[in-house]
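J.: no FASTA, just this:
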């Protein structure tokens, strides 16, 4: 026996095994693990950074998601929603979109026969709630801090080289490691992408006249201005604008930024103070394929979307629901959960829906991001017509809620 063969045998003996490796333990990866845990399959969640523990006196995080009713149901199914609500989650019942006053579309939970349209929740708190669930399952290992260094696929499985610890052999890899997914790169999956040429600033405020049951968005030729309610006297403003403008605003102190907000946002907040701020670039990405071998992309690793309607995490949760259904079916039928044919069904189910949402957001973005008078008249008339479209408006609202 030659030395190379001996080394390979020693490596095989040192490998660890699991049924499913989830790379990325954020909201999407943690939800996937929590919903798959009851199958009894062995699951390893590989995450680089542990989230900061929650304390009620902490200021609210800037990274907030508008969680749809369907996403809330998935968090309930995972057993995490009560914990998340016990930390911080704020329901909203109305959504309004407009450019000119008097030409608007408003959606309400009451018109859809629902208690709420969704909840505003800090991303970290969703992750923390799910991690508490995962800690209850002996078949789930939260491997943190750790990361992925390399992967090698075979017909039977995938061998992962981790930053720390022994190599890991797994039957299925779920890539949930975000928009810059290293797992996607290692699997050799390309993306189509472009930069919108804009940035988005998030501004946390405290105010005395907030419409706390309403999230609204005003379109301007330079980009939308939006408000997300986070409590009776707290909220988050979202300011889309050209890169140079946002970079200039980011250099202002909170008092000077508040003055700029007062000049450029609708006067709907009363007296307010800026508490914190942050910004990020707007980019659109879509993976050329969602599956390669036994590697499956979910959430931002597969697609990022203009945050215009706050649908990013909800699309990622829909990805989770689809892959969980396929894995559950495979387990029940005692089939290979990582078979090519089974995973291809995931791509067929999720890719068209994600493409539709991306295209819809792009149409809205381009239609409103200009100062051409005929288009301004047409789009405002369209908003007014949508307000009176009856069943069609309800159908659009339910689709956005995931119902």
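T.: Arrived safely, thanks for sending. Only a predicted model underlies this, so the values are computations on that prediction, with no experimental measurement involved.

J.: now the helices for the stretch 1-150 of the chain?
T.: 3-14, 27-36, 69-78, 81-87, 123-134 (DSSP state H, counting those that start in this stretch).

J.: Any stretches of the stretch 301-403 of the chain with poor pLDDT?
T.: Applying pLDDT under 70 to the stretch 301-403 of the chain flags residues 306-310, 361-403.

J.: number of nearby residues for residue 56?
T.: 6 (other CB atoms under 10 Å). Placement of C-beta: from N, CA and C, glycine included.

J.: In the stretch 51-200 of the chain, where is pLDDT below threshold?
T.: Ranges of the stretch 51-200 of the chain meeting pLDDT under 70: 98-104, 112.

J.: Kindly recompute the last result at 90.
T.: Applying pLDDT under 90 to the stretch 51-200 of the chain flags the ranges 69, 94-117, 154-156, 193-199.

J.: before we move on, back to that, what would the helices of the stretch 1-150 of the chain look like in a markdown table with distance to residue 207 and mean neighbour count?
T.: Formatted as a markdown table, those follow (distance: least, CB to CB, whole Å; neighbours: other CB atoms under 10 Å):
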| stretch | distance to residue 207 | mean neighbour count |
| --- | --- | --- |
| helix 3-14 | 58 | 10 |
| helix 27-36 | 28 | 28 |
| helix 69-78 | 26 | 20 |
| helix 81-87 | 22 | 17 |
| helix 123-134 | 22 | 22 |
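
J.: Isn't residue 235 up against residue 269?
T.: Yes. Residue 235 is within contact range of residue 269, at 7.4 Å (criterion: CB atoms under 8 Å).

J.: Return every residue with contacts to both of these two.
T.: 205, 207, 210, 227 (CB atoms under 8 Å, 6 or more residues apart in numbering).

J.: For the second one, which residues are in contact?
T.: For residue 207, the set of contacting residues under the criterion of CB under 8 Å, 6+ apart consists of 233-235, 269-273.

J.: Relative to residue 201, how far out is it?
T.: 17 Å (CB to CB, to the nearest Å).

J.: Ok, the third one next?
T.: Between residue 210 and residue 201 the distance is 19 Å, computed by CB to CB.

J.: Repeat that for the last one.
T.: Counting by CB to CB, the gap from residue 227 to residue 201 is 13 Å.

J.: Between those two, which contacts overlap?
T.: In contact with both residue 227 and residue 201: residue 238, using CB under 8 Å, 6+ apart.

J.: Give the residue from the two that has the larger number of neighbours.
T.: Remark: of residue 227 and residue 201, residue 227 carries more neighbours, 24 against 21, as counted by other CB under 10 Å.

J.: Does that one touch residue 213 like I think?
T.: No. Taking CB under 8 Å as the definition, residue 227 is not a contact partner of residue 213, at 11.7 Å.

J.: Please name the nearest non-neighbouring residue to the most centrally placed residue in the chain.
T.: The residue lying closest to the centre of the chain (CA atoms, centre = their mean) is residue 313, at 2.1 Å. Once flanking residues are discounted, residue 313 sits nearest to residue 65: 4.4 Å by CB to CB, 6 or more residues apart in numbering.

J.: isn't the one you found right next to residue 72, touching?
T.: No. Taking CB under 8 Å as the definition, residue 65 is not a contact partner of residue 72, at 11.3 Å.

J.: next one: stretch 315-325 to chain centre, how far?
T.: The chain centre lies 12 Å from the centre of stretch 315-325; the measure is CA atoms, centre = their mean, to the nearest Å.

J.: For stretch 264-275, buried residues please.
T.: Using 16 or more other CB atoms under 10 Å as the test for burial, stretch 264-275 gives 265, 269, 272, 274.

J.: which ones among those residues are found in helices?
T.: Using DSSP state H, no member of the buried residues of stretch 264-275 falls in helices.

J.: Have a look at those residues and tell me the least confident one.
T.: Ranked by pLDDT, these bottom out at residue 269, which has 86.

J.: Next up, the contacts around that one.
T.: So residue 269 contacts 205, 207, 209-210, 227, 235 (CB under 8 Å, 6+ apart).
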